[in-house]
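Q: build me a model:
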Amino acid sequence: MNASGSFRAMLPCAGLVLASAFTVACSDPGAGPPRVGSTSKSAGELEPSDTELRERSTPMQYAATQNHETEPGGLAAPAASPPSDERRAYATFAGGCFWCMEQAFDEVEGVIRATSGFTGGQLPNPTYRQVSAGGTGHYEAVEVVYDPQKTDYGTLLEVFWHNVDPTDPGGQCCDRGDAYRTAIFARDATQRVQAEASRDAIEARRALEIVTPVLEAGPFHPAEASHQDYHEMHPVQYAYYKWSCGRQQRLEQVWGEDLPRTDRRR
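A: Reported below is the predicted structural model:
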């Protein structure tokens, strides 16, 4: 069990952060308190039909049932048809809190869907409480589905690097423990070569001691529905968490002028 596992098991993944979190110093990750808070809807309150749908569907199948837009007059517009297989590719990244990584990839043109979940562990179909309690081996991660005609894996790698502190072996900012470590999960040899080359180039250019591994991708397990699109569903709580945790401040310390201007104080 990680240092904060027993406490996290009683809480969802960081909603509102207590006042003591203001003292978090991300440059010294071990000094800060664990992330705490609650969402407006706990895992135990999820509608069974929604939970079952997410667990039994692929991220794209689930998204197809959720992405209905409202037309003038209040009528639900049909969901857009998913792209063909030739226009769909996948990537998996672990960058600490999956809420933050989901937001980062959702903003990339050509990304169809970013799904929060877990990968890299031994337990089948893990829950958030099980992963945060420690001992499952899972990382919090995002599965990114993208259109390779509109963006590419190299672009996604750049987005990943600029949204993590790759020098931290114990988590990200106030989120401590194995589940919050960074990693790139390569789905094939091409992704592995690109990921390793990207890591080596950044390490040399920025003189950073990068601890982020490139691992072989395994099964990806979507998290509970209450964790999906959290930055859109609960923007105030999300923004408060991200600021209080010191995540954006740390990114600016690590990346400096390399950080895209649109990512500064976002």
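
Q: and the next element down the chain from whichever strand or helix holds residue 184?
A: Taking DSSP states H and E as the criterion, residue 184 maps to strand 182-186. If you walk from strand 182-186 toward the C-terminus, the next helix or strand you reach (DSSP H and E) is helix 189-206.

Q: tell me the mean pLDDT for that following helix?
A: The average pLDDT for helix 189-206 rounds to 96.

Q: pull the residues that contact that helix.
A: With contacts defined as C-beta atoms under 8 Å, 6 or more residues apart in numbering, helix 189-206 is touched by 91, 153-154, 157-158, 161, 166, 184, 186, 208-210, 212, 214, 216, 255, 258. In this view, the C-beta of every residue, glycine as well, is placed from N, C-alpha and C.

Q: state the mean pLDDT of the strand holding residue 184.
A: Across strand 182-186, the average pLDDT comes to 98.

Q: tell me who's in contact with residue 142.
A: Taking C-beta under 8 Å, 6+ apart, we find residue 142 in contact with 92-95, 98, 101-102, 105, 114-117.

Q: out of those, which are inside strands?
A: Using DSSP state E, the members of those that fall in strands are 92-95, 114-117.

Q: in a markdown table: those, plus neighbour count and pLDDT.
A: Rendered in a markdown table, the data for those read as follows (neighbours: other C-beta atoms under 10 Å; pLDDT from 0 to 100):
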| residue | neighbour count | pLDDT |
| --- | --- | --- |
| 92 | 23 | 98 |
| 93 | 28 | 98 |
| 94 | 27 | 98 |
| 95 | 29 | 97 |
| 114 | 26 | 97 |
| 115 | 26 | 97 |
| 116 | 26 | 96 |
| 117 | 26 | 96 |
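
Q: which one of the residues you listed is nearest to residue 243?
A: residue 95 (17.4 Å; C-beta to C-beta).

Q: specify the beta-bridge partners of that closest one.
A: For residue 95, the beta-bridge assignment (DSSP bridges) gives partners residue 182.

Q: wait, isn't it in contact with residue 159?
A: No: using C-beta atoms under 8 Å, residue 95 is not in contact with residue 159; the gap is 9.7 Å.

Q: re the thing from before, what angle do helix 189-206 and the strand holding residue 184 make with each other?
A: Angle, strand 182-186 to helix 189-206, by axes from the mean of the first three to the mean of the last three C-alpha atoms, to 10 degrees: 150 degrees.

Q: strand 182-186 - contacts with which helices or strands?
A: strand 89-95, strand 139-146, helix 189-206, strand 214-216 (3 or more C-beta pairs under 8 Å, 6 or more residues apart in numbering; DSSP states H and E).

Q: what about 10 Å?
A: On a contact count with 3 or more C-beta pairs under 10 Å, 6 or more residues apart in numbering; DSSP states H and E, strand 182-186 meets strand 89-95, strand 139-146, helix 153-161, helix 189-206, strand 214-216.

Q: send me that strand as CSV with only the CA atoms.
A: This file holds the C-alpha atoms of strand 182-186, laid out as CSV (Å, rounded to 0.1, in the frame of the first residue of the first chain):
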residue,chain,number,x,y,z
THR,A,182,4.5,8.7,-15.3
ALA,A,183,4.9,6.2,-18.1
ILE,A,184,4.4,5.8,-21.8
PHE,A,185,2.7,2.6,-22.9
ALA,A,186,3.8,1.7,-26.4
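
Q: quick check: angle from it to helix 153-161?
A: With the same axes, to 10 degrees defining the directions, strand 182-186 sits at 160 degrees from helix 153-161.

Q: count the neighbours of residue 154 for me.
A: Burial measure for residue 154: 12 neighbouring residues, criterion other C-beta atoms under 10 Å.

Q: please report how far it lies from residue 91.
A: Here the criterion is C-beta to C-beta, to the nearest Å. By it, residue 154 lies 11 Å from residue 91.

Q: all good on my end, thank you.
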